[in-house]
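1. have a look at this fold, sequence not included:
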């Protein structure tokens with residue numbers, strides 16, 4: 001099978017249609033064997049190219065196999081693929097841990113003369129050596145073995161955590177046959193629910209726990225009991241509570257992950273997982289981050305309390321809801337938004353056809369960064385909805401980068417939105433490989449009669465993920481380990497994504513991308529004005545929720561060092577979360593709510609002790625975008641500067657240096673406070 005295994009193809013595009021679960025283990029074994037041989041050669045070589053660049057190319061070859069498997073596991077999950085992925089995951093984790101502890105390889109890298117190295121090469125070598133230290137290369141034999149075992153177990157638990165969330169999401173549905181129970185839900189969402197029902201051989205409508213369905217019900221359904229049922233099922237996924245109580249429970253995995261993360265930090269000489277996490281980030285320590293978050297909360301909480309009071313009054317006076325419950329918040333917010341700002345999300349969505357939004361986004365990339373984006377058919381994809389685009393210098397046929405777009409929710413695809421790397425930029429005497437990215441969202445699909453339309457929040461998400469993709473696609477760094485998003489400090493990696501979000505709010509962009517589904521008319525100037533007026537509607541409440549998530553993550557991982565994260569009932573995360581809510585929240589979910597049990601960002605993603613990065617990077621992005629709206633701003637010039645100093649440079653120098661090179665100074669927190677409406 002190895003000779004014909006499509007996962008081992010070295011060609012530019014994965015042959016998704018040819019990849020089967022049976023290919024996974026043989027491919028991973030072969031890729032690891034090839035990488036192991038390459039590392040032996042590197043350890044016995046001399047010079048930067050023969051050691052470091054050879055390692056970087058070998059790393060890219062191994063990642064080519066595993067990233068493809070991981071990607072398919074996220075977007076085209078099946079029991080067979082999951083089993084193959086889960087069987088290979090410990091092999092990959094164990095092998096990466098072993099490489100990180102290869103002293104001969106480390107010593108060969110450490111012996112490379114730094115004189116004459118370029119900025120990117122020197123930075124890449126510095127970060128790689130630090131990575132070896134954080135992988136336990138300096139540990140003694142028994143400790144090194146324990147560290148490897150710890151890493152493997154963390155990988156296994158993270159995968160199991162994500163699988164449990166996906167299984168819980170897929171397992172629960174609400175079959176509705178009475179149309180009155182979906183009164184208020186937009187027609188496009190009702191159509192999607194009807195298609196889900198038909199696919200199951202049922203009459204009526206099926207509500208599931210994928211994001212479009214949940215948003216539609218909690219935000220628009222007039223039936224309070226239906227809202228509560230969906231809110232409870234979604235808020236208790238993979239936990240000990242709710243309609244699936246105990247069936248996919250992540251409680252034990254959370255406790256085990258915290259214990260393992262504390263163990264790994266201690267083995268490396270760090271006080272707790274927070275200190276270990278921040279050793280590679282812009283923020284200096286946990287105290288600085290905690291103070292940053294608490295300051296935001298203190299500034300926002302009085303306004304948030306006022307917002308909630310006004311929402312409560314509106315619910316009582318206009319909706320007949322005497323006691324505002326958490327499952328009423330999104331619905332009441334939407335009703336009040338309509339009443340106060342005359343902004344109807346359903347009406348706005350009818351004006352935002354996906355194709356026009358996508359074209360507007362691509363035109364923005366052309367205007368700001370000087371690249372054309374062209375649809376390119378004929379490339380293998382993993383689902384018929386997936387589209388492939390190439391990026392070109394104006395007037396040139398050869399692409400400089402490429403992008404897969406997978407935008408619709410479906411069974412077997414995990415929720416949320418993300419960007420991931422398909423191929424890094426590789427340029428040397430042997431090859432000239434363009435960077436390729438995956439852009440993944442979970443919007444509701446359309447039909448022949450009613451093409452897909454986006455809620456404005458989904459348009460913002462699309463722009464956000466495109467910002468991440470551009471960080472990868474526009475790199476000019478020929479060292480993969482610091483090209484694109486690689487090597488960028490985690491609390492700065494959201495800068496390009498949050499920066500690009502701002503353009504989804506610009507009146508010119510909204511006029512360009514909008515066309516009503518029946519009349520073809522763009523959004524009116526009055527509606528755009530009301531949208532902008534409502535942009536920060538309930539904004540302080542939303543900000544506090546982000547602060548709550550970030551403080552919970554930070555304090556939970558800090559508590560891991562002090563035994564505060566382990567209790568006999570297995571819901572220690574809940575105890576920490578409730579403490580954070582007492583400090584900063586104005587909305588308090590019911591005691592049975594289990595947000596942490598589906599918080600995949602920190603338990604199955606890369607944001608452990610780092611979720612604060614969204615708000616930290618928003619400080620950078622608000623300041624960067626403010627340059628584009630200052631009097632006399634030349635957007636073409638500024639776009640070129642942002643491309644050259646931030647996107648093109650990636651991790652080849654510290655993120656702060658990239659920002660200063662673009663802005664001409666260090667970041668100013670005032671821009672974030674102004675953007676959030678919290679400036680004094």
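-> Nice, thanks for sending it over. Keep in mind that this is a model prediction, so the values were computed, not measured.
2. the nearest residue to residue 445 once chain neighbours are set aside: neighbouring residues, count only.
-> Distances taken as CB to CB, 6 or more residues apart in numbering put residue 408 closest to residue 445, at 4.0 Å, once the chain neighbours are dropped. To be clear about C-beta, it is placed using only N, CA and C from the backbone, and glycine gets the same treatment. Other residues near residue 408 come to 20 when the count uses other CB atoms under 10 Å.
3. also residue 669?
-> Other residues near residue 669 come to 14 when the count uses other CB under 10 Å.
4. check residue 316 too.
-> Applying other CB under 10 Å, we find 14 residues neighbouring residue 316.
5. does it touch residue 328 like I think?
-> No - counting by CB atoms under 8 Å, no contact exists between residue 316 and residue 328, whose distance comes to 10.8 Å.
6. so what's the residue nearest to residue 445 up against?
-> With contact set as CB atoms under 8 Å, 6 or more residues apart in numbering, residue 408 has these partners: 385, 441, 442, 443, 444, 445, 452.
7. thinking the first one is in contact with residue 407, fair?
-> In other words, residue 385. Yes - here residue 385 reaches residue 407: they are 7.1 Å apart, a contact under CB under 8 Å.
8. who's more crowded, the two?
-> Looking at residue 385 and residue 407 with other CB under 10 Å, you find the greater number of neighbours at residue 407, namely 22 against 14.
9. isn't that one right up against residue 462?
-> Yes - contact status for residue 407 versus residue 462: in contact at 7.5 Å, counting by CB under 8 Å.
10. mind listing the shared neighbours of the two?
-> Counting by CB under 8 Å, 6+ apart, the shared contacts of residue 407 and residue 462 are 439, 441.
11. which non-adjacent residue is nearest the one residue sitting closest to the centre of the chain?
-> The centre of the chain sits closest to residue 418, judged by CA atoms, centre = their mean, with a distance of 4.2 Å. Among residues not flanking residue 418 along the chain, residue 440 sits closest, at 5.3 Å (CB to CB, 6+ apart).
12. could you check how far that neighbour is from residue 647?
-> From residue 440 over to residue 647 the distance is 20 Å, taken as CB to CB, to the nearest Å.
13. of those two, which one has the most company?
-> Shown here are residue 440 and residue 647; by other CB under 10 Å, residue 647 has more neighbours (25 against 22).
14. next up, the contacts around that one.
-> By CB under 8 Å, 6+ apart, the contact set of residue 647 is 369, 470, 471, 474, 475, 496.
15. all strands of the protein, in order?
-> Listed in chain order, the strands of the chain (DSSP state E) span 173-176, 205-208, 372-375, 387-392, 401-408, 418-423, 426-427, 432-433, 436-443.
16. parallel or antiparallel, which strands does the first one pair with?
-> If I follow you right, that is strand 173-176. Sheet pairing for strand 173-176, assigned by DSSP bridges, gives strand 205-208 (antiparallel).
17. and the nearest residue to residue 192 once chain neighbours are set aside, how many residues sit next to it?
-> The shortest distance from residue 192 to any non-neighbouring residue, by CB to CB, 6+ apart, is to residue 444 (4.7 Å). Each residue near residue 444 was counted by other CB under 10 Å, and the total is 27.
18. need the longest helix for this structure.
-> Of all the segments of type helix in the chain, defined by DSSP state H, the longest one is helix 286-318.
19. show me which residues of that one are buried.
-> When neighbours are counted by 16 or more other CB atoms under 10 Å, the buried residues of helix 286-318 are found to be 286, 289-290, 292-293, 296-297, 299-301, 303-304, 307-308, 311-312, 314-315.
20. what is it packed up against?
-> For helix 286-318, the packing partners by 3 or more CB pairs under 8 Å, 6 or more residues apart in numbering; DSSP states H and E come out as helix 273-278, helix 326-341, helix 539-559, helix 572-584, helix 613-629.
21. gap between the fourth one and the chain center?
-> When C-alpha coordinates are averaged (CA atoms, centre = their mean, to the nearest Å), helix 572-584 and its chain have centres 24 Å apart.
22. who are the packing partners of it?
-> Applying 3+ CB pairs under 8 Å, 6+ apart, one finds that helix 572-584 makes contact with helix 251-267, helix 286-318, helix 539-559.
23. kindly reformat those helices as JSON lines containing distance to residue 515.
-> Rendered in JSON lines, the data for the helices and strands packed on helix 572-584 read as follows (distance: least, CB to CB, whole Å):
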{"stretch": "helix 251-267", "distance to residue 515": "46"}
{"stretch": "helix 286-318", "distance to residue 515": "32"}
{"stretch": "helix 539-559", "distance to residue 515": "28"}
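24. save those helices as TSV, and put in mean pLDDT too.
-> As requested, the helices and strands packed on helix 572-584 are exported to TSV (pLDDT from 0 to 100):
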stretch	mean pLDDT
helix 251-267	96
helix 286-318	96
helix 539-559	96
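25. residues in contact with residue 656?
-> With contacts taken as CB under 8 Å, 6+ apart, residue 656 has the following neighbours: 282, 492, 666, 667.
26. again with residue 661
-> Contact criterion CB under 8 Å, 6+ apart gives 645, 649 as the residues in contact with residue 661.
27. same deal with residue 233?
-> With contacts defined as CB under 8 Å, 6+ apart, the neighbours of residue 233 are 172, 174, 209, 242, 243, 244.
28. which among the residues you listed count as buried?
-> Buried positions within these, assessed by neighbour count (16+ other CB under 10 Å), are 172, 174, 209, 242, 244.
29. which one among those gets closest to residue 39?
-> Nearest to residue 39 among the buried ones among the contacts of residue 233 is residue 209, at 43.4 Å by CB to CB.
30. count the residues that sit near the closest residue to that closest one other than its chain neighbours.
-> Ranked by CB to CB, 6+ apart and with sequence neighbours excluded, the top spatial neighbour of residue 209 is residue 169, at 4.5 Å. Summarising burial for residue 169: neighbours were counted as other CB under 10 Å, giving 23.
31. wait, residue 169 touches residue 415, no?
-> Yes - with contacts defined as CB under 8 Å, residue 169 counts as touching residue 415 at a distance of 6.2 Å.
32. who touches both of those two?
-> Residues touching both residue 169 and residue 415 (CB under 8 Å, 6+ apart): residue 210.
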